[in-house]
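S.K.: following is a predicted model, sequence given first.
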Amino acid sequence: MDLQPLVASAAAAALPATCPGIRVSDLSLRYGTTVIFEDLNFMVAGGSFVALLGPSGVGKSSVLKILAGLAKPTTGRCEATDGQKLAGRISYMGQTDLLYPWLRVVENVVLGSRLRGEPKDYDRAMHLLERVGLAARAKALPSELSGGMRQRAAIARTLYEQRPIVLMDEPFSALDPFTRTRIQDLAAELMQGSTVLLITHDPLEACRLGHSLMVLSGHPARLGAPITVPGTPPRAPDNDDLLHTQGHLLRMLTEMEPR
Amino acid sequence: MTQFVNIARPVITILVFLAIWWSISAFTGIPSFMLPSPPAVFAALQSQAGYLAENTLTTLSEIMLGLLFGTLLGAITALGVVFSPVLERWLMPVLVLSQAIPVFALAPLLVLWLGFGMASKVLMAVLVIFFPVTAAFSDGLRRTETGWLELARTMNAPPLAMMRHVRLMAALPAFASGLRVATAIAPIGAILGEWVGASAGLGYVMINANARMQTDVMFAALFILSVLAITLYVVVDRSLRKLLYWAPDSVGGR
């Protein structure tokens, strides 16, 4: 496995500039005669945070699953921008926290080591839990945590993997707006320097977190030109540029033909 | 307060039940060989204590051995069926057949083949126990939350680790409910075997006492059997809740 020698405390420290990006070429997905999307071409620059925005059912999650190696595309390819495979260099955050209910929080953080049969680095796990503000709950069961805490534990588990690329599938959509905003800030801070592709149907979330954002829409789905929001993420929720872009996106996605 | 009510409720139920039983036997003139009074049964419990204890031990051993082997067999069958489609195609009809034939009908044959000793009773218990375990456990193994498996795959988990750390763990609550059902019905198998042909055990005591019109002894054996079955269930249920402290049904439980 070609894990890059990342900074020991993966947390906020910037990853080396060599952190690879993602290149997707001519990706299409069909189920029978139904075309979900075709001819998707895009690139996520190394070390950038890109949000992929689109209404529900447009195939966003499928794109992410293909990138994560969990599903096969009908045609097309995806690879890292350094020309190597993505497999083994990705960590994945799903729509729910996916904490294993039988493992205590700290054991959930070191889950990757447990599954691969490697020695578990509890020091680093505790350090990460401290960063996400959960050190005191390290011994708790997931069922004893609130939704926001569970999502923070999931972030710690994602960071523990020290993969250069992070894929996120609407991980914050189940949280209340205030918790969501706090967790977004935390994620943006801790994943700075990694290549992140975030999938969301929330224009605000996309505008707050993304260096740039892409819109996937239509049937079959096509990708709009990348949109860049001025300023560095995480942007304040009342930032003018953000509000402007958010309004624009909301209007565009609302006016689009429904299925 | 609620704790007091929780303890008081079964006690009151038992007292009311005893009162009804006692008054029927005292006031209706039903002969004692039809319905012995509670004191008569208590006396039988005392006078036959050694005899009853010995036979209780036999029945308890049969139930425990049946549970042990039945659970093992059930768990192994579930694993086999879930991970080998070939095995599933061959085994499923056999499993269904084993449940389609009533154990009642099999009991005389098993006694004929395995004798009057414990083996035929243990096998009978195994026959009634393993199926609920297999059914519940294989169901649990098949229904692992996809997200957990996908997460494990993105973490490059080898297949064996997926099995051991994800699917098996996730199936434990289902396995536990299978085991609870098995525990509740295990005594049926053992007692049935003893009825058909045995030289020891509570079922043997009952058949024997029945033939001699010793209804009080029969009631005593019946009483011990119910206490045994309930205790066994409570112990298994409590232990499972303790072991699977993380499972949702262990948290909200009584």
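M.R.: Right, received. Where do you want to start? Bear in mind the structure is a predicted one, so any value in this text is a computation, not a measurement.

S.K.: what does chain A have sitting close to chain B?
M.R.: A:1, A:65, A:68-70, A:87-88, A:90-92, A:94-96, A:98, A:100-102, A:111-112, A:114-117, A:141, A:143, A:161 (Cβ under 8 Å from any Cβ of the partner chain). All C-beta spots, glycine's among them, are computed from the backbone N, C-alpha and C.

S.K.: mark which of those residues are buried, thanks.
M.R.: By the neighbour-count criterion of 16 or more other Cβ atoms under 10 Å in any protein chain shown, these include these buried positions: A:65, A:68-70, A:90-92, A:94-96, A:98, A:100-102, A:111-112, A:114-115, A:141, A:161.

S.K.: not counting sequence-adjacent ones, nearest residue to the residue of the stretch 101-250 of chain A found nearest chain B?
M.R.: The minimum distance from the stretch 101-250 of chain A to chain B, using Cβ to the nearest Cβ, falls at residue A:115 (3.6 Å). Sequence neighbours aside, residue B:157 is the residue nearest to residue A:115 in space, at 3.6 Å (criterion: Cβ to Cβ, 6 or more residues apart in numbering or on different chains).

S.K.: so what's residue 179 up against?
M.R.: Here I'm looking at chain A. With contacts defined as Cβ atoms under 8 Å, 6 or more residues apart in numbering or on different chains, the neighbours of residue A:179 are A:147-148, A:151.

S.K.: meant chain B actually
M.R.: Each residue near residue B:179 by Cβ under 8 Å, 6+ apart is listed here: B:71, B:133, B:136, B:236, B:240.

S.K.: the one helix or strand it maps to: which residues count as buried?
M.R.: Counting by DSSP states H and E, the secondary-structure element that holds residue B:179 is helix B:168-196. Within helix B:168-196, the residues scored as buried using 16+ other Cβ under 10 Å are B:168-179, B:181-184, B:186-196.

S.K.: what of stretch B:195-214?
M.R.: By neighbour count with 16+ other Cβ under 10 Å, stretch B:195-214 contains the buried residues B:195-198, B:200-207, B:209, B:214.

S.K.: what ranges in the stretch 1-150 of chain B fall below the confidence cut-off?
M.R.: Within the stretch 1-150 of chain B, the set of residues satisfying pLDDT under 70 comprises B:1.

S.K.: tell me the residues of it that contact chain A?
M.R.: B:145, B:147-148, B:150.

S.K.: cutoff 10 Å now
M.R.: Counting by Cβ under 10 Å from any Cβ of the partner chain, the stretch 1-150 of chain B comes close to chain A at B:145-150.

S.K.: so which of those residues is the most crowded?
M.R.: For those, the largest neighbour count, defined by other Cβ atoms under 10 Å in any protein chain shown, is 22 neighbours, found at residue B:148.

S.K.: that one should be in a strand, yeah?
M.R.: No: with DSSP: H, G, I helix; E, B strand; the rest coil as the criterion, residue B:148 is helix rather than part of a strand.

S.K.: burial of the nearest residue to it once chain neighbours are set aside, as a residue count?
M.R.: With Cβ to Cβ, 6+ apart as the measure, residue B:166 is the residue that lies nearest to residue B:148, at 5.4 Å, once sequence neighbours are left out. The criterion is other Cβ under 10 Å. On that basis, residue B:166 has 22 neighbouring residues.

S.K.: list the contacts for residue B:166?
M.R.: A:100, A:102, A:111, A:115, B:144-145, B:148-149, B:151-153, B:157 (Cβ atoms under 10 Å, 6 or more residues apart in numbering or on different chains).

S.K.: stretch B:95-112: end-to-end distance?
M.R.: In terms of Cα to Cα, to the nearest Å, the two terminal residues of stretch B:95-112 are separated by 23 Å.

S.K.: what's the closest non-adjacent residue to residue B:107?
M.R.: residue B:196 (4.2 Å).

S.K.: on that earlier part again, filter the buried ones among the residues of chain A next to chain B down to just the ones in helices.
M.R.: Secondary structure assignment by DSSP state H places A:65, A:111-112, A:114-115 of these in helices.
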